[in-house]
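In: I would like to see how this sequence folds:
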Amino acid sequence: MKKNLSILGSTGSIGKQTLEIAAAYPSSFNVVAIAAKDEVDLIVEQIKKFNPLLVSVENEKVKAKVEEKLAGHKVELVFGEEGLKKAATLPQAQTVVVAIPGTISLIPAMEAIAAKKDIALASKEVLVTAGGEFMEEAGKNKVKIFPIDSEHSAIAQCLAGEDHKKIKKIILTASGGPFLKTPIEKLAKMTAKEALAHPTWNMGPKITIDSATLMNKGLEVIEAHYLFDLDYSKIDVIVHPQSIIHSMVEFVDGSIKAQLGAPDMRVPIQYALFGMGRLPNMWKKLDFTKLAALTFEKPDKEKFSCLDLAYQAGRTGGTMPAVMNAANDEAVNQFLRGKIGYLDIAILVREAMASNSLLCPKS
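Out: Reported below is the predicted structural model:
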């Protein structure tokens, strides 16, 4: 029986790769809804290829442009926040892929849970800004959450069949990004173009910059806290430039389980779409004979101070993770537009967190 998918963020990196998987397994998936922003030509292409029942776009202007190009192709077109909600709660949908960057993903994700849809989760902001509420509602509605991030997918795979009480710690691996070997004194001059040149992963601009600052790994720490119900003291980060080991779990007896694979996001997406099931891999495969070495090192907290800021925000709790996330969003946006320098990202995030502490001191 086919699984009906609603894909929120269909024109982004994760969304496009999700559609690749749906096309590769036509007997397993129907795409019944997609939501995108304003990429008119790509949206029209996706509609014609996958024939969804419903399509949500950013605004009425984009909707009109899509209608004009569809030339009579029948599909329900909606827009805005209400459109996103419709895509997230379409009765025919069984699994909702949440892959919209930014906090705009939170409301449709919560609506999908209320509608008792299983969630394949890629948008970090959902757990970073409202992890407690999100996981609580998922539990109440008996909704399954399937992580799409390669790191959280790896942890979930390592924990399959294991006793949660026997976990000593989980270890999230980080590539280190494009500036891993860049001397700290040169970081101030690094440009957005250089920061976007990720050595192993092909991702969207926001997440690529977050990888360059290691904020992406900090956000994943907060996500892991909620997904696996672990204290921050049991969540470690290690730099692994080859991106072959996607994450690890250490157990109380000293045993460590690791999940390895080629650095290809389609593998964890496929695993999530099949409800943590395994099917033949049509994507990249790992060949150990072609690996020169697997190396590891501790993150340089002086160079990559965003990682500690994320730990601090997570441990503080309350509104602090949301404040940190919003400040980082704005700082990354300014950096991409050339308004601030690379090192200013961490400075602006730290200042926002400090202001929030003054306004909302812990009781």
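In: Only C-alpha atoms from now on, for both contacts and neighbour counts.
Out: Will do.
In: Can you show me the strands along the stretch 201-350 of the chain?
Out: For the stretch 201-350 of the chain, applying DSSP state E, counting those that start in this stretch gives strands covering 235-239, 245-251, 256-260.
In: Out of these, flag the one nearest Val128.
Out: Val128 lies closest to strand 235-239 among the strands of the stretch 201-350 of the chain, at 15.2 Å (CA to CA).
In: Leaving aside the residues adjacent along the chain, what's closest to Met320?
Out: In this structure, Met320 finds its nearest non-sequential neighbour in Ala313, 5.2 Å apart by CA to CA, 6 or more residues apart in numbering.
In: what does the model give that neighbour for pLDDT?
Out: The pLDDT attached to Ala313 in the predicted structure is 97.
In: Could you measure from it over to Glu125?
Out: Using CA to CA, to the nearest Å, one obtains 14 Å as the distance from Ala313 to Glu125.
In: What of Thr18?
Out: Here Thr18 is placed at a distance of 19 Å from Glu125 (CA to CA).
In: that older thread, need the strands of the stretch 201-350 of the chain in TSV (columns: mean pLDDT).
Out: Converted to TSV, the strands of the stretch 201-350 of the chain look like this (pLDDT from 0 to 100):
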stretch	mean pLDDT
strand 235-239	97
strand 245-251	98
strand 256-260	97
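In: remind me which residues of the stretch 251-363 of the chain are low pLDDT?
Out: Along the stretch 251-363 of the chain, segments meeting pLDDT under 70 span 358-363.
In: Mind listing the shared neighbours of Ala313 and Glu125?
Out: Counting by CA atoms under 8 Å, 6 or more residues apart in numbering, Ala313 and Glu125 have no shared contacts at all.
In: quick one: contacts for Lys116?
Out: Counting by CA under 8 Å, 6+ apart, Lys116 makes contact with Asn141, Lys142, Val143.
In: now, which of those residues sits nearest His240?
Out: Among these, Val143 lies closest to His240 (CA to CA), at 33.1 Å.
In: hang on, that closest one in a helix?
Out: No - for Val143, which was evaluated using DSSP: H, G, I helix; E, B strand; the rest coil, the result is coil, with no helix membership.
In: Closest to the centroid, which residue in the protein?
Out: Centroid-nearest residue in the chain, with CA atoms, centre = their mean: Ala122, separated by 3.4 Å.
In: Now do the same contact list for Glu45.
Out: Under the criterion of CA under 8 Å, 6+ apart, the contact list for Glu45 is empty.
In: er, Tyr342 actually
Out: Leu187, Ala188, Lys189, Met190, Thr191, Ala192, Phe335.
In: Quote the end-to-end distance of stretch 31-43.
Out: Using CA to CA, first and last residues of stretch 31-43 are 13 Å apart.
In: Identify all contacting residues around that stretch.
Out: For stretch 31-43, using CA under 8 Å, 6+ apart, the contacting residues are 4-11, 22, 50-58, 62, 65-66, 84, 87, 90, 92-93.
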